[in-house]
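[1] My questions concern the predicted model and sequence given below.
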Amino acid sequence: MNIIITVAIYAVIIIYEYFPKRKKMQRREKVFFFVISTLAILSAVPASEGMDFDTVGSSLSGMISLFMH
Amino acid sequence: MKHTSEIITNRQACVLAILYQMTNCFSALYGVSAGRDVWIAYIIAAVFSVLLWIVITAVSEKYPNYDFFTLLTHTLGRPLAWIIILLTTLYGFLSAATSVAEFGKFTQLTALSKTPQIIIPLLLLLLCCYALKHGVGVLARCASLLLPFICFVFICFLIFGIEFIKSENITPVMSSGYFPIIRSALSIFINQFGRTILLTALLHNIKRNKKGKKHGILLGVSIGSAAICLLSFITVSTLGPAETASEFYPVFTVLSIRNIGGFIQHMEILTSIASAFFVLFRAALGLYFVSGAVSYLFKQPDLRIHLIPLSLLIISLTQFLYRNTMNLRKSSEGDIAVIITFPLQFIIPVIICGIAWIKKRRMSANLRK
């Protein structure tokens, strides 16, 4: 679960960065951006070990139940 | 020709250098193995740092149109310069990641214990990217705006700490000889002062003053060094050598016993805010160096495009460093770290500046002939 959330966060940030600029970028820049982005996303997999997103989930569910009341 | 948002004045460069150098100085104290003489080790490391910047500033004034990477290529030739830039880039990565990891761990231990580890580095580095995309000028103006607050915190730390200073904590001076102090000074240099080598990426952005000088960073490094030396002196003279060595964040412990009556009950809250600002500037300028170096190495026209992926790589690196912060501190002060980092931070830049200086003199002599 942690891996999926971390990779998703990275992917969203990279996509948000890439799409508005893709028409202005040269071919060389696009290739380089793709290479570093791939590296970054791959590095997210081992980096996500030991993270605890469950506490965030429980806090969010607590908040939602509070609002429901 | 640089865009106006990329150009900074000498004063702004000075402020950036102060904030960059003072990162983590309100929490950690390095080189505590020197015991009660740690403040002397800090002074020695600070002198090294100022000497380094005197040399770099002098050479950069001889080559006004060259940035740091072009100067390296001009001096050493392309293959050797490429290797050194690559090594410095890797060091820049590690430096930015270590600073963010230390701050993140500090925040996690003191306040945000249930927040996932990635959140603080992620928010911090995204903010750095946002600032850098608008140019270093924006970052410099932000630094100028924050400096009065930092000065206020620092002055409070000094004035309200005088009553806790005990002279018996720092005497007798140099009782254990010179070697522990020199060894400690090396640890302090590589962890606190030597990291200013990454500020060389800013040299090309500084606007010359009326006398044609670019001494902003040198001045900032000198002021920052003096401030850090004072902090170390007050910390060790308040806590004593044994407690300073046993605490993981000794400066923070010293801060926790200060208050200004009902006006400011806990100084450590203010210093935590100041630390967040410090680490923001260190991470941003580290990222700027890395991005500039990567753009130069791989011939990319715009360094801003790669800021986000590079910062994500730094975030991943902080997660690896997080796993064992206690060992991180030990290994960052160990013999291997000194052997690898000191040449990169001090010896190689001084040699490069020396070669550049000689080349310039020869060129001038040839022109005269």
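    Yep, it's here. Numbers count the residues shown, from 1 in each chain, chains lettered A, B, ... in the order given.
[2] which stretches of chain A form strands?
    Ranges of strands within chain A: none, based on DSSP state E.
[3] middle-most residue in it, spatially?
    For chain A, residue A:9 is the residue whose C-alpha lies nearest the centre (CA atoms, centre = their mean; 1.5 Å).
[4] which residue packs closest to that one, ignoring adjacent ones?
    Nearest residue to residue A:9, sequence neighbours excluded (CB to CB, 6 or more residues apart in numbering or on different chains): residue B:122, at 7.1 Å. To be clear about C-beta, it is placed using only N, CA and C from the backbone, and glycine gets the same treatment.
[5] what's the following helix or strand after the helix or strand where the one you found lies?
    Element membership for residue B:122 (DSSP states H and E) is helix B:119-133. Next helix or strand after helix B:119-133 toward the C-terminus (DSSP H and E): helix B:136-159.
[6] where does the chain dip in pLDDT?
    Defaulting to chain A. A:50-69 (pLDDT under 70).
[7] wait, I meant chain B there
    Using pLDDT under 70, chain B drops low at B:1-3, B:259-265, B:325-326.
[8] okay, now residue 47: neighbour count?
    Looking at chain A here, since you left the chain open. 27 (other CB atoms under 10 Å in any protein chain shown).
[9] oops, chain B please
    15.
[10] what's the spacing between it and residue B:350?
    14 Å (CB to CB, to the nearest Å).
[11] cool, residue B:181 as well?
    From residue B:181 to residue B:350 the distance is 22 Å (CB to CB).
[12] which one of those two has more residues nearby?
    residue B:181 (24 against 16).
[13] and that one, what does it touch?
    Applying CB atoms under 8 Å, 6 or more residues apart in numbering or on different chains to residue B:181 gives the contacts B:34, B:37, B:40-41, B:44, B:174.
[14] hmm, back to that, from residue A:30, how far out is the residue nearest to residue A:9?
    From residue B:122 across to residue A:30, the span is 25 Å (CB to CB).
[15] Let me have whichever helix or strand residue B:70 is part of in CSV, keeping just the CA atoms, if that works.
    Using DSSP H and E, residue B:70 falls within helix B:68-76. C-alpha atoms of helix B:68-76 as CSV (Å, rounded to 0.1, in the frame of the first residue of the first chain):
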residue,chain,number,x,y,z
PHE,B,68,31.9,27.7,-11.8
PHE,B,69,31.4,24.8,-14.2
THR,B,70,32.9,26.7,-17.2
LEU,B,71,35.8,27.8,-15.0
LEU,B,72,36.5,24.1,-14.1
THR,B,73,36.5,23.1,-17.8
HIS,B,74,38.7,26.0,-18.7
THR,B,75,41.2,25.2,-16.0
LEU,B,76,41.3,21.4,-16.0
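[16] Helix or strand next in line after it, which one?
    Defined by DSSP H and E, the subsequent element after helix B:68-76 is helix B:78-110.
[17] residues near residue B:244, how many?
    23.
[18] now swap in residue B:105 and tell me
    22.
[19] Okay, it and residue B:24: tell me how far apart.
    Applying CB to CB to residue B:105 and residue B:24 gives a distance of 11 Å.
[20] same thing with residue B:328?
    Taken as CB to CB, the span from residue B:328 to residue B:24 is 12 Å.
[21] now the contacts of residue B:181 as CSV including distance to chain A and secondary structure?
    Formatted as CSV, the contacts of residue B:181 follow (distance: CB to the nearest CB, whole Å; DSSP: H, G, I helix; E, B strand; the rest coil):
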residue, distance to chain A, secondary structure
B:34, 34, helix
B:37, 38, helix
B:40, 40, helix
B:41, 35, helix
B:44, 37, helix
B:174, 44, coil
